[in-house]
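Asks: model this:
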Amino acid sequence: MIWPSPSRPLSWRAARRADAEYGVSATPDWRQVDWPAHTHRATIDGGAVSYVDMGAGGRPAVFIHGLGGGWQNWLENIPAVAQTRRVIALDLPGFGGSEMPRAPISITGFAAVVDRLCEHLGLGPVAVVGNSMGGFTAAELAIRTPERVERAVLVDAAGITTRMLAQNPLSERFARAVVTRTRGTPEAARRMLRRPGFTALGFGVVARYPTRLSRDLLAEQFVSLGSPGFMPAYEALSTYDFVDRLDEIACPTLIVQGTEDILVPLGDAYEFARRIPRATTLILEDTGHVPMLERPLTFNRALLEFLDQDVAPERPHPERSPTLAESAAEGSV
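Replies: I've put the predicted structure just below:
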């Protein structure tokens, strides 16, 4: 078995089972944003790092994408958060518009680049929001540079069972097939997305019902696939172990997880919650690996609620304390 999760990709016809909220775009509409005007480059550790900088005021929020992704993974979320705070969404070194780093790619190296970009921009303490490998990086940043991270949001974060990938040669073969078949193909993506069967095949591992997501949004997700940092980053996230240090994360942490994530099983979210002292959970039913794209309405509402809390619980009791899952997801999953 390649993945530890019991979930499996669905046929495109299964999308008829999705509820009405699944795949509905958030407001403000990302399609109305002049993205080139907000896109910049900075030299960090001798290499160019591409990032989006949008909004002003409030405490800054930094968005970190996952393996094979780029800042476009947050298209449905950046405009909403930027209404009340400054938002930075970067391409990690080796992905998207960012150059390969001089040093070998590592999770610690990614965290260091995020910290130095924040320093370069004069941000001070920030909220970090990371998906998959980006969640792994956000947690690492919170451990190694606690003064930088005032809050953390781990979205279907890697770092628990991803250690098992190095033990299974089939998982590496699968990863190499992904990067080989998708290298530099945004135009090919648009052609593929004309047919629902291909859409389900291409995105069925990451989204529960990919044909319910808009084609233009899906096409944007292809921009960073096939980046040169893919395989080095895959090796980094499958070999680095920080589980025994998760209790060092002192800031309030929101853990978001889709129940039908094929890449990161639900049990990983509960393990993060068990080990991080000030963790709160948002579990989204019938949702895959990218809740911020699959359910942006619910995700943005919960994210902003968490970021705007004046006082976070010291250690919420999982059986007695209300969680964001009860309030934000009610009626939407």
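Asks: which outside residues touch stretch 107-118?
Replies: Defining contact as Cβ atoms under 8 Å, 6 or more residues apart in numbering, one finds that stretch 107-118 is touched by 42, 44-45, 49, 51, 60, 62, 64, 88, 90, 92-93, 101, 103, 124, 126, 128, 133, 136-138, 140-141, 144-145, 148, 233, 236-237, 240, 242. (Glycine included, C-beta is placed from N, CA and C.)
Asks: in strands, which of those appear?
Replies: In strands, judged by DSSP state E, the following of those are found: Ala42, Ile44, Val49, Tyr51, Val62, Ile64, Ile88, Leu90, Val126, Val128.
Asks: export those to TSV and tack on distance to Arg208 and pLDDT?
Replies: Formatted as TSV, these follow (distance: Cβ to Cβ, whole Å; pLDDT from 0 to 100):
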residue	distance to Arg208	pLDDT
Ala42	36	98
Ile44	35	97
Val49	32	98
Tyr51	29	98
Val62	27	98
Ile64	22	98
Ile88	28	98
Leu90	27	98
Val126	30	98
Val128	25	98
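Asks: turn those into a markdown table, including distance to Glu76.
Replies: Below are the ones in strands among the contacts of stretch 107-118 laid out as a markdown table (distance: Cβ to Cβ, whole Å):
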| residue | distance to Glu76 |
| --- | --- |
| Ala42 | 25 |
| Ile44 | 26 |
| Val49 | 23 |
| Tyr51 | 18 |
| Val62 | 17 |
| Ile64 | 16 |
| Ile88 | 17 |
| Leu90 | 17 |
| Val126 | 20 |
| Val128 | 18 |
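Asks: relative to Val264, which of those residues is nearest.
Replies: Distance ranking of these against Val264, using Cβ to Cβ, places Ile64 first at 15.1 Å.
Asks: these two touch, right, the closest one and Ser132?
Replies: No - with the criterion set as Cβ atoms under 8 Å, Ile64 and Ser132 do not qualify as a contacting pair; they are 9.4 Å apart.
Asks: now the nearest residue to Glu140 once chain neighbours are set aside: phi and psi?
Replies: Leaving aside its sequence neighbours, Glu140 sits nearest to Ala111 (Cβ to Cβ, 6 or more residues apart in numbering; 4.2 Å). The phi and psi values for Ala111, taken as degrees, to the nearest 10, are phi -60, psi -40.
Asks: mind pulling up the pLDDT for Ala111?
Replies: Ala111 carries a pLDDT score of 98 in this model.
Asks: same thing with Trp35?
Replies: Trp35 is assigned a predicted lDDT (pLDDT) of 97.
Asks: tell me the contacts of it?
Replies: Neighbouring residues of Trp35 by Cβ under 8 Å, 6+ apart: Val52.
Asks: so where is the stretch 51-200 of the chain shaky, pLDDT-wise?
Replies: Counting by pLDDT under 70, the stretch 51-200 of the chain contains low-confidence ranges at 164-198, 200.
Asks: next: the stretch 201-333 of the chain.
Replies: For the stretch 201-333 of the chain, the stretches flagged by pLDDT under 70 are 201, 311-333.
Asks: which stretches in it count as helices?
Replies: Under the criterion DSSP state H, counting those that start in this stretch, helices of the stretch 201-333 of the chain are mapped to 215-220, 230-239, 266-275, 291-294, 296-308, 324-328.
Asks: hmm, back to that, and the contacts of stretch 107-118, which of them are buried?
Replies: Applying 16 or more other Cβ atoms under 10 Å to those, the neighbour count classes 42, 44, 49, 51, 60, 62, 64, 88, 90, 92-93, 101, 126, 128, 133, 136-138, 140-141, 144, 148, 233, 236-237, 240, 242 as buried.
Asks: give me the most central residue, this structure.
Replies: The structure's the chain has its C-alpha centroid closest to Asn131; by Cα atoms, centre = their mean the separation is 1.7 Å.
Asks: list phi and psi for it.
Replies: Backbone geometry at Asn131, expressed as degrees, to the nearest 10, gives phi -110, psi 130.
Asks: re the thing from before, and the residue nearest to Glu140, how close does it get to His289?
Replies: For Ala111, the distance to His289 under the criterion Cβ to Cβ, to the nearest Å works out to 21 Å.
Asks: again with Tyr234
Replies: Distance from Tyr234 to His289, counting by Cβ to Cβ: 15 Å.
Asks: now do the contacts for Glu260.
Replies: Each residue near Glu260 by Cβ under 8 Å, 6+ apart is listed here: Ser7, Arg208, Asp286, Thr287, Gly288.
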